[in-house]
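Colleague: Provided below are the primary sequence and the corresponding predicted coordinates.
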Amino acid sequence: MATNPLEIDRRSGFCRPNSTFYSKRKPIPLPPNPSLDVTTFISSHSHRGSTAFVDASSGLHISFPELWRSVESLASRLSATGIRKGDVVLLLSPNSISFPVVCLAVMSLGAVITTTNPLNTASEIAKQIADSKPVLAFTTPDLAPKLAAAASGLPLVLIEDAASPSSSRADGNNRSAPKAKIITTLREMIANGPEASGSRVRQRVDQNDTATLLYSSGTTGASKGVVSSHRNLIAMVQTVLNRFNLEEEGGHRFLCTVPMFHIYGLAAFATGLLAAGATIVVLSKFDLHEMFASIAKYRATYLPLVPPILVAMVNNADQIRARYDLSSLHSVLSGGAPLSREVIEGFVERYPAVRILQGYGLTESAGVGASTDSLEESRRYGTAGLLSPSMEARIVDPDSGAALGVNRTGELWLRGPTIMKGYFSNAEATASTLDSEGWLRTGDLCYFDDDGFIFVVDRLKELIKYKGYQVPPAELEALLLTHPDVADAAVIPFPDKEVGQFPMAYVARKAGRELSETAVMDFVARQVAPYKRIRRVAFIASIPKNPSGKILRKDLIKLATSKL
C-alpha cells in the first residue's frame with residue numbers, strides 16, 4: 001500500500017514509490033464481522049423492490065419474501081439430508097428463477113457451489129466432477145441423462161420450473177443410457193423444508209470460507225477450479241451496488257441474458273443485484289427476438305450483452321425500433337471486448353436515450369475488475385475503464401519483471417478484495433498465477449493512460465474468446481492429437497466480426513494419410529461443446545515451435561490473417 005496518499009497521482013492513480021496504480025473510485029465498505037456468509041449479507045439489505053425474479057417466457061415470478069423463504073427452506077432440507085460446510089454441490093442448469101435459490105441456499109450452509117455449462121459434453125462434465133467431487137447435484141429433466149452419463153452414482157435433485165418437462169424424461173427411452181439417480185425434486189425440497197428447520201445444523205461460516213468453485217481456463221491450459229470466498233463475493237456485491245447506484249435509484253429491471261453458470265451471471269444476477277432490490281427478468285436461453293420482446297413486455301431498464309449483439313443492434317436499428325418498444329431501456333452493459341469508436345457512436349446516434357457501460361473482468365477476479373460507469377467514460381474509445389473500487393493494479397514487463405508506469409505496456413496484475421483464493425487442488429497453477437502478496441497475473445497486455453483508464457492491447461494468455469466463452473487451445477490440440485491421421489496440431493484464434501474469435505486448427509497430417517477439413521471439424525465437434533468447435537482448418541507440413549517445443553502461435557496467427 002502507498003504510505004502517503006499525496007504520493008498517488010490524482011489524475012492517473014499511479015504511485016511512483018511502489019509502482020502501483022490505485023482505483024480512483026470511492027472505496028467499497030466491507031462488513032467487519034468475520035462470521036458472515038454472502039447469502040446472509042445480501043438478505044440483510046433493505047429491498048425497495050417487490051419482485052425479485054421473473055421468468056421471461058412464462059411470466060412466473062417470485063417476490064423477495066418468497067425468495068428468502070425458499071432459500072431458507074431449501075437450506076434446511078439440505079442440512080437435514082447431511083449437506084455440511086465444505087461439501088461441494090454441483091448445479092447443471094440453464095438460466096432459471098430457481099438457479100439463484102439453489103446457489104444462495106448452498107452457500108448459506110457454508111457448502112460450496114460449483115456450476116458447469118449445459119452445453120458441455122458428458123466427458124467434459126465428468127472431468128469437472130472428478131476434480132471437484134460434489135456430493136449432490138441439481139439439474140433439469142433434460143440434462144439429467146447427460147449428468148448420469150458423466151457420473152452415474154451422483155445423487156440428483158431435479159429442477160422443475162413451470163415450463164420444465166416432466167421428470168419422466170430424465171430416464172429417457174434409451175435403455176442402454178445410464179440411469180439417473182434421482183432422489184427428489186427442488187419443489188419437494190422447498191415444500192418440505194420448513195419441516196426440517198428444527199434439524200438444520202448451524203455451522204459458523206466465515207468470510208474467508210469458500211463459497212464458489214467456478215471453472216476457468218485461467219491464463220493457459222486445462223480448465224481449473226477458481227476458489228472464491230464469501231468475502232470475494234460480498235466485495236463484488238458492493239462493487240455492483242456502487243457501480244449502478246441502484247439502492248438510491250430503485251425500481252430497475254435487469255434482463256438476464258448472460259449465463260448464470262458464468263461468473264458474470266452468478267455475481268450479478270444470482271447475487272449482487274438482489275441486494276439492491278432490482279427485478280431480474282430471466283431468459284432461459286438467448287434469443288434475439290425474445291430479448292427485445294422481453295424488454296418491451298417487462299419494461300427492462302438495463303440490458304447486458306456482448307459486443308456482437310450490440311453491433312447487430314446498430315446495424316439493424318431501424319427494424320428493431322419499428323418492431324419493438326425499447327423506450328424503457330436505460331443502459332446497455334457490454335463486456336468481453338472493448339467497443340470501437342464507430343460502434344459506440346453508431347449506437348448513441350441510433351439509441352440516444354440509452355447509455356453504454358463497459359466492463360473488464362475474469363473469473364479469478366469474481367467479475368468486474370475495471371469498468372466504464374458512464375457514457376462519457378465509454379467514449380474514451382478502446383478503454384476497458386477505470387479500476388473497480390478498492391482495486392489495485394500493476395503493469396509488469398513480462399520479460400524483466402519490472403513494474404512500469406503510465407503509458408507503458410506490460411502484463412496487468414490486479415489485487416483487491418474480489419481476487420480469488422487460488423485454484424482448487426492445484427498449487428502449481430495457483431503459484432504461477434497468484435503471488436505471495438496477492439497479485440493476480442491476468443495474462444493480458446495492457447497500459448494505463450494519463451487519466452487512469454486501462455487499455456487492453458493483447459493477451460499473453462492463449463485463450464480464444466468465442467462469444468464471450470473461453471476456449472483453451474491446448475484442450476483442442478490434445479483432442480486433435482488423438483486422431484489416427486494427425487501427426488501434430490496447433491489451434492489459434494481467428495478473428496470474426498460476428499463472434500469475436502473462433503478456433504482455427506493448423507494440422508500436420510501423418511505421412512501418406514488423407515484427411516479433409518470437414519473430417520477434422522467433424523471429429524472435434526462430436527466431442528466438445530458447440531462453442532469449442534473448430535470452424536476453420538489449414539494443413540501444414542509441420543507446426544512451427546521454438547527450441548523448447550512451444551508452439552509459435554503468433555507466427556500462425558500472422559499466417560492465418562495475412563490474406564484478410
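Modeller: Structure received.

Colleague: What residue spans form the domains of this structure?
Modeller: According to automatic domain parsing, the chain is divided into the following domains: 5-30+287-459, 58-229, 464-561.

Colleague: Could you name the stretch from these that's closest to Gln238?
Modeller: domain 5-30+287-459 (4.1 Å; Cβ to Cβ). In short, each C-beta sits where N, CA and C put it, glycine included.

Colleague: Rounded mean pLDDT for that closest one, please.
Modeller: Regarding domain 5-30+287-459, the rounded mean pLDDT is 92.

Colleague: same deal with stretch 243-251?
Modeller: Taken as a whole, stretch 243-251 carries a mean pLDDT of 65.

Colleague: Would you mind measuring the gap between the ends of it?
Modeller: Using Cα to Cα, to the nearest Å, the end-to-end distance of stretch 243-251 comes to 16 Å.

Colleague: can you check stretch 464-478 too?
Modeller: In stretch 464-478, first residue to last residue: 16 Å (Cα to Cα).

Colleague: So which bits of it are buried?
Modeller: Of the residues in stretch 464-478, 464-473, 475-477 count as buried by neighbour count, 16 or more other Cβ atoms under 10 Å.

Colleague: Could you do stretch 421-433 as well?
Modeller: Quick answer for stretch 421-433 (16+ other Cβ under 10 Å): 421-424, 426, 429-430, 433.

Colleague: Next: stretch 303-316.
Modeller: Of the residues in stretch 303-316, those with enough neighbours to count as buried (16+ other Cβ under 10 Å) are 303-311, 313-314.

Colleague: now those as CSV including distance to Ile182 and secondary structure?
Modeller: Listed next are those as CSV, based on distance: Cβ to Cβ, whole Å; DSSP: H, G, I helix; E, B strand; the rest coil:
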residue, distance to Ile182, secondary structure
Leu303, 37, strand
Pro304, 33, strand
Leu305, 36, strand
Val306, 35, coil
Pro307, 40, helix
Pro308, 38, helix
Ile309, 36, helix
Leu310, 41, helix
Val311, 43, helix
Met313, 42, helix
Val314, 46, helix
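
Colleague: quick one, strands of the stretch 51-200 of the chain?
Modeller: Along the stretch 51-200 of the chain, the segments classed as strands by DSSP state E, counting those that start in this stretch run 51-55, 61-63, 88-92, 112-116, 136-139, 156-158, 182-185.

Colleague: quick one on the thing from earlier: and which of the buried residues of stretch 464-478 is nearest Asn407?
Modeller: Nearest to Asn407 among these, with distances taken as Cβ to Cβ, is Lys465, at 25.5 Å.

Colleague: and that closest one, what element?
Modeller: Assessed by DSSP states H and E, Lys465 sits inside strand 464-466.

Colleague: what's in contact with that strand?
Modeller: Outside of strand 464-466, the residues within contact range by Cβ atoms under 8 Å, 6 or more residues apart in numbering are 336-337, 470-473, 491-493, 499-503, 531-532.

Colleague: Stretch 10-18 too?
Modeller: Contacts of stretch 10-18 (Cβ under 8 Å, 6+ apart): 1-3, 7-9, 20-24, 386-387, 405-406, 448-452.

Colleague: Can you select the buried ones among those for me in PyMOL?
Modeller: Here is the PyMOL selection string for the buried members of these, based on 16+ other Cβ under 10 Å:
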select buried, resi 8+9+20+21+22+23+24+386+387+405+406+448+452
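
Colleague: Show me what the biggest helix by length in the chain packs onto, helices and strands only.
Modeller: Ranked by residue count, the top helix of the chain under DSSP state H comes out as helix 64-80. Contacts defined by 3 or more Cβ pairs under 8 Å, 6 or more residues apart in numbering; DSSP states H and E place helix 64-80 against helix 38-43, strand 51-55, helix 99-108, helix 186-196.

Colleague: So for it, mean pLDDT?
Modeller: Per-residue pLDDT over helix 64-80 has a mean of 94.

Colleague: Report the contact partners of Asp458.
Modeller: 444-445.

Colleague: pretty sure Gly416 contacts Ala370?
Modeller: No - look at Gly416 against Ala370 with Cβ atoms under 8 Å: they stay out of range, at 10.7 Å.

Colleague: The two - which one has more neighbours?
Modeller: Legend: neighbour count by other Cβ atoms under 10 Å for Gly416 and Ala370, higher for Ala370 (27 against 22).

Colleague: Quick one: neighbours of the residue nearest to Ile129 when sequence neighbours are not counted, just the number.
Modeller: Among residues not flanking Ile129 along the chain, Ala151 sits closest, at 4.7 Å (Cβ to Cβ, 6 or more residues apart in numbering). For Ala151, the count of nearby residues is 21 (other Cβ under 10 Å).

Colleague: Just confirm Ala151 contacts Asp131, I think it does.
Modeller: No - using Cβ under 8 Å, Ala151 and Asp131 do not qualify as a contacting pair, with a distance of 11.7 Å.

Colleague: hmm, back to that, looking at the contacts of strand 464-466, spot the one nearest Val89.
Modeller: Nearest to Val89 among the contacts of strand 464-466, with distances taken as Cβ to Cβ, is Gln470, at 23.2 Å.

Colleague: on that earlier part again, among the contacts of stretch 10-18, which lie within strands?
Modeller: Residues of the contacts of stretch 10-18 located in strands (DSSP state E): 20-22, 386-387, 448.

Colleague: all strands of the stretch 451-564 of the chain, in order?
Modeller: Going by DSSP E, counting those that start in this stretch, the stretch 451-564 of the chain shows strands at 454-459, 464-466, 469-471, 486-496, 500-509, 536-539.

Colleague: quick one: the longest one to strand 500-509, angle?
Modeller: So that's strand 486-496. Per axes from the mean of the first three to the mean of the last three Cα atoms, to 10 degrees, the angle that strand 486-496 makes with strand 500-509 is 160 degrees.

Colleague: ok, residues contacting stretch 236-252?
Modeller: With contact meaning Cβ under 8 Å, 6+ apart, stretch 236-252 is reached by 25-26, 28-30, 38, 41-42, 45-46, 48-49, 267-268, 271-273, 275-279, 301-302, 330, 357, 366-368, 371, 373, 388-389, 418.

Colleague: List the buried residues for the longest helix of the chain?
Modeller: Buried-residue list, helix 64-80, by 16+ other Cβ under 10 Å: 64, 67-68, 70-80.

Colleague: Fine by me, we can end here.
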